[in-house]
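Enquirer: Next come a sequence and a model predicted from it.
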Amino acid sequence: MKKLHYLLFSATLLMGTATQAQIKVEIAGVGSNQIPVAVAAFADEGLAPADVSDIIRADLERSGVFKVIDAGRVISDSASVDLAAFRASGADALVVGSVSRGPDGRFAVRYKLHDTVKGAQISQLGGEVQPKYIRLQAHRIADDVYEKLTGVRGIFSTRIAYVKEDRAGRNYTLAVADADGENEVVAARGREPIISPAWAPDGTKVAYVSMEDRKPVVYLQDLMTGRRNVISNLKGNNSAPAWSPDGRTLAVALSKDGNTEIYTVNSDGTGHRRLTNSPSIDTEPQFSADGQTIYFTSDRSGGPQVYKMSVTGGNPTRVTFNGNYNISPRVSSDGKTLAWISQRGGGFSLYAMDLASGQELRLAEGATEPSFSPNGKYIMYATKGGGRVSLAVVSVDGRVKQRLTTNAGNIREPSWGPFMK
């Protein structure tokens, strides 16, 4: 089985402290049939701490879905626009907007999205935000553009959690940041590794594993209050937390009876319930999108493979058959795609399977620790290259690729947060 590196973690909680951007995003590939979108500079956006139009352009470009065209001038959301001219220049859609500052210091950010083909407005948004939420408002606008033009909800305003390790391997940080790596906040820090962060469905808490008690223990970190609670600290190893879609329970891997088995536990740490009963190692549980099925890794067939079973237990069904080493199952939020790590030909690769057809697709080589975006269209994973571990993102069709790097050392254990209400 994949080695579980549970090491001592001496935590110092540093909640609410935002740092400068630590992650650099590099686009390595784009999708086919990109949608050409012109993005104009917003009127008076220089008043704000950041240019809203620049953030929108960067988001749309990073998705790989759009061919972003600079409109070449400032266009307010209240201006009359010659959409036919933009259509003639090759743009299927046009983004315009404005920024104004109120007497209370808040910024009103407004935008409109025009369909140049039909010559009509198809969306608009407006709202007032504090200066520190300018980037978030820009991400929300990019989300709206993405959804209106693709029919799929955008993920630019979501957040990611990850673990950073300094170059000397002596300090580790559990961090939370915007999906583009900006606005990083430290959730926990220590001298020993932190592993297995998992977002709660409401986006306010993260579960993770540490060995402060000289054994693996599952903790719950509240990102809003800074409070931390124990979720599972039974005899033996407590590991691999995964949330149910309703946020009421977590699935965990426990060895309290000598062998590692799958259990569920209430989100307040009560009510442990055993689901598997096998002489083999059962670990890495993950709930299905509807919460009725749990996928997990087991070596009951002789080598690690992905299985699934009812959330109430029962006889598991094997899911992966190609390759002798398949681990780390993850299920997309729409329930359509399974991602996992497979070792074939000596290396570890990220695979995705259409659960309806069973068709597999290899998405990336040298991959570990996959995590789906909340819209199910992208997968973030850890990868090693150039002597360090970094994060990367690939679309589920394999066409769009990004790499997220940091100068601070290694960055791993990614967990993509949910949509925020």
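Expert: Structure received. Numbers count the residues shown, from 1 in each chain.

Enquirer: wait, Ala207 sits on Gly247?
Expert: No. In this structure Ala207 lies outside contact range of Gly247 using C-beta atoms under 8 Å: 10.8 Å. (Each C-beta comes from the backbone N, C-alpha and C, glycine too.)

Enquirer: residues shared between the contacts of these two?
Expert: Ala200 (C-beta atoms under 8 Å, 6 or more residues apart in numbering).

Enquirer: These two: which is more packed in?
Expert: Ranked by neighbour count (other C-beta atoms under 10 Å), Ala207 and Gly247 place Ala207 first, with 24 against 15.

Enquirer: Quick check: phi and psi on the spatially closest residue to the more buried one that is not a sequence neighbour?
Expert: Here the nearest residue to Ala207 in space, its sequence neighbours aside, is Pro241; by C-beta to C-beta, 6 or more residues apart in numbering that works out to 4.0 Å. Main-chain dihedrals, Pro241, degrees, to the nearest 10: phi -70, psi 140.

Enquirer: Could I get the pLDDT score of Pro241?
Expert: The confidence metric pLDDT takes the value 98 at Pro241.

Enquirer: show me the contacts for it.
Expert: Ser196, Ala198, Ala207, Tyr208, Val209, Val218, Ile231, Ser232, Leu250, Ala251, Val252.

Enquirer: if we go to 6 Å?
Expert: Ala198, Ala207, Val218, Leu250, Val252 (C-beta atoms under 6 Å, 6 or more residues apart in numbering).

Enquirer: Tell me the spacing between it and Tyr172.
Expert: According to C-beta to C-beta, to the nearest Å, Pro241 and Tyr172 sit 18 Å apart.

Enquirer: What of Arg300?
Expert: 33 Å.

Enquirer: ok, those two, which is more surrounded?
Expert: The neighbour count for Arg300 versus Tyr172, taken as other C-beta under 10 Å, is higher for Tyr172 (26 against 16).

Enquirer: any chance you could map the helices in the protein?
Expert: 52-63, 83-88, 134-150 (DSSP state H).

Enquirer: For the second one, which residues meet the burial criterion?
Expert: This points to helix 83-88. For helix 83-88, a neighbour-count test (16 or more other C-beta atoms under 10 Å) marks Leu83, Phe86, Arg87 as buried.

Enquirer: If we only consider those, which is nearest to Ser157?
Expert: Using C-beta to C-beta, Phe86 comes nearest to Ser157 of the buried residues of helix 83-88, at 26.1 Å.

Enquirer: That closest one and Val117, how far apart?
Expert: To Val117, Phe86 is 10 Å away according to C-beta to C-beta.

Enquirer: Tell me how many other residues crowd the nearest residue to Tyr307 once chain neighbours are set aside.
Expert: In space, and not counting its chain neighbours, Tyr307 is closest to Pro316: 4.1 Å by C-beta to C-beta, 6+ apart. Using other C-beta under 10 Å, the number of residues around Pro316 comes to 21.

Enquirer: Over to Gly236?
Expert: 14.

Enquirer: residue contacts, Gln34?
Expert: Contacts of Gln34 by C-beta under 6 Å, 6+ apart are Phe66, Lys67.
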